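after the sequence you'll find the predicted model.
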Amino acid sequence: MAKPVVAIVGRPNVGKSTFFNRCVGARHAIVDDSAGVTRDRIYRETDWSGRQFLLVDTGGVIPNSPDSIANEVFDQVQLAVDEADVIVFMVDGKTGISGADEEVANLLRRSKKPIIVAVNKIDEPKEQPNAMEFYGLGLGEPHTLSAMRGSGGVGDLLDKVISHFPPETRKVVDLNNIPYDGTDFVEEEEQGPLSLAIVGRPNVGKSSLVNVLVGTNRSIVSNVPGTTRDAIDSKIKFAGKEYILVDTAGIRRKSRVDYGIEAFAVVRSLRALERADVVILILDATQEISDQDQKIAGKIEEAGRACVIVVNKWDLIDDKTSKLMKEFVENVRTELRSINYAEVIFTSAINKQRVTKIIEAADRAHEMTKKRIGTGLLNQIVNESVALVPPPSSKRGKRLKVYYTTQVSSAPPTFILFGNDDKLMTKNYQAYIERKLREAFGFEGTPIRIVTRAKKDNR
């Protein structure tokens, strides 16, 4: 289930970026007294009361003229309305209602999204009556706060925000409370079509590949609206199975993303990662792997999603030998080391070459990410690996002892290693255990998680 999106909208200098920074706990957004400092959209993951969400700081509506107001309202506020699950409409409690506030309110009033009016800059209790004026916007009860001081209702406002979130449906395993009793964990199998998110930089051929898949895979079942509202996911049937293809906008460097449609497209792409079963990362065979490709790969691994790497535009490569393919694969795995477990497919959307191999590889990756290993066999492999290469000793001469291992969840496969001291597990040794697990059980196409826990004394 994708994290909810909360957008902060309002005219310039009402404290949107200050509130944003207060919520994410760091100065990610530039804060200045000048109007219109936030020109591009900034987004960060944050949480409140155990609920994670994506917070979006938007540029201010600049009321230079009636035409300017209309244009800014459409480009900024309308996008926020379309993309967000909850809108925080921030206004200035010291200056009162402005014409720009009323223009924004008129649009928000017609939407079906939850709208919370946040009256900022209420620094003293005596200023509370100033908020009553904002009932006139027709958007319900105003909530007062002081974003600068972090008092006067910030927590109450966030409580109101998360109250509008849908219930969580994804099962969360508490890794801190795993019983040391040899229990094999059983998870319910999710039903429904396999969701494949198509991601990558602009102009690598994402939409072309989607069009080929939709147009050639036996039968198109239907076009269904995606959870991103204005995006359309394509539902297809291939080899008797249904799939949902989520075509996303190209993810570019943040410095190259202007506020507007493309900016919110990045948010759509990140949400697509979260709601996908398998992510298809598209690369351009004619271009070198860039820093941005590596960042996208990192986001895929961070999200814990199964992945397939597709090298598109292979028709533009002259020397298509198996040796060159092998060199390409080695280079991809080296440059995209965060997802070096992913299968690499070479395609040409123009020639429709090996395009259906993407679906087949996605099936294999999904099968691996749902794979479960029995506790007995798992402990046999881990114990053999530890005996073959013992853990390194610490500076004080202490050495990690692994008592017991169990798999606690899938998608991605997650393993708990109970030992004498979880602080003795090094990154290199954890990578070694992961490598041995992959050698024994495969797991191609999926990240795996290894967590070390100190065995609790039950006496």
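Structure's in. What do you need? Numbers count the residues shown, from 1 in each chain.

got the domain ranges for this structure?
5-163, 194-369, 375-454 (automatic domain parsing).

the residue nearest the centre of the chain: helix or strand, and which one exactly?
Most central in the chain under C-alpha atoms, centre = their mean is residue 270, positioned 4.3 Å from the mean C-alpha point. Using DSSP states H and E, the element containing residue 270 is helix 261-275.

just give me the neighbour total for residue 144.
A count of neighbours around residue 144, defined by other C-beta atoms under 10 Å, yields 23. All C-beta atoms are positioned from the backbone trio N, CA, C, and that covers glycine.

could you report the pLDDT at the closest residue to it other than its chain neighbours?
Excluding its sequence neighbours, the residue lying closest to residue 144 (C-beta to C-beta, 6 or more residues apart in numbering) is residue 122, at 4.1 Å. For residue 122, the model assigns a pLDDT of 87.

count of neighbours near residue 122?
Burial measure for residue 122: 26 neighbouring residues, criterion other C-beta under 10 Å.

just checking, residue 350 touches residue 312?
No: under the criterion of C-beta atoms under 8 Å, residue 350 makes no contact with residue 312, lying 9.3 Å away.

quick one, which of those two is more surrounded?
For the pair residue 350 and residue 312, the greater number of neighbours falls to residue 312 (26 against 14), based on other C-beta under 10 Å.

which ones are touching that one?
With contact set as C-beta atoms under 8 Å, 6 or more residues apart in numbering, residue 312 has these partners: 204-205, 208-209, 282-285, 347-349.

now render the residues you listed as a markdown table, adding secondary structure and distance to residue 431.
Shown next, in a markdown table, are those (DSSP: H, G, I helix; E, B strand; the rest coil; distance: C-beta to C-beta, whole Å):
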| residue | secondary structure | distance to residue 431 |
| --- | --- | --- |
| 204 | coil | 30 |
| 205 | coil | 33 |
| 208 | helix | 37 |
| 209 | helix | 33 |
| 282 | strand | 28 |
| 283 | strand | 25 |
| 284 | strand | 30 |
| 285 | coil | 30 |
| 347 | coil | 31 |
| 348 | strand | 35 |
| 349 | coil | 36 |
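
list the buried residues in the host helix or strand of residue 298.
Counting by DSSP H and E, the element that carries residue 298 is helix 291-303. Judged by neighbour count using 16 or more other C-beta atoms under 10 Å, the buried positions of helix 291-303 are 292-293, 296-297, 299-301, 303.

tell me the least confident of these?
Of all the buried residues of helix 291-303, residue 292 has the smallest pLDDT value, namely 81.

that residue touches residue 202, doesn't it?
No: contact between residue 292 and residue 202 fails when scored by C-beta under 8 Å: they sit 9.8 Å apart.

quick one: contacts for residue 198?
With contacts defined as C-beta under 8 Å, 6+ apart, residue 198 is in contact with 206, 209-210, 245-248, 280, 282.

could you pull out the strands for the stretch 51-200 of the chain?
51-57, 86-92, 115-120, 143-144, 194-199 (DSSP state E, counting those that start in this stretch).

that concludes my questions; thank you for your assistance.
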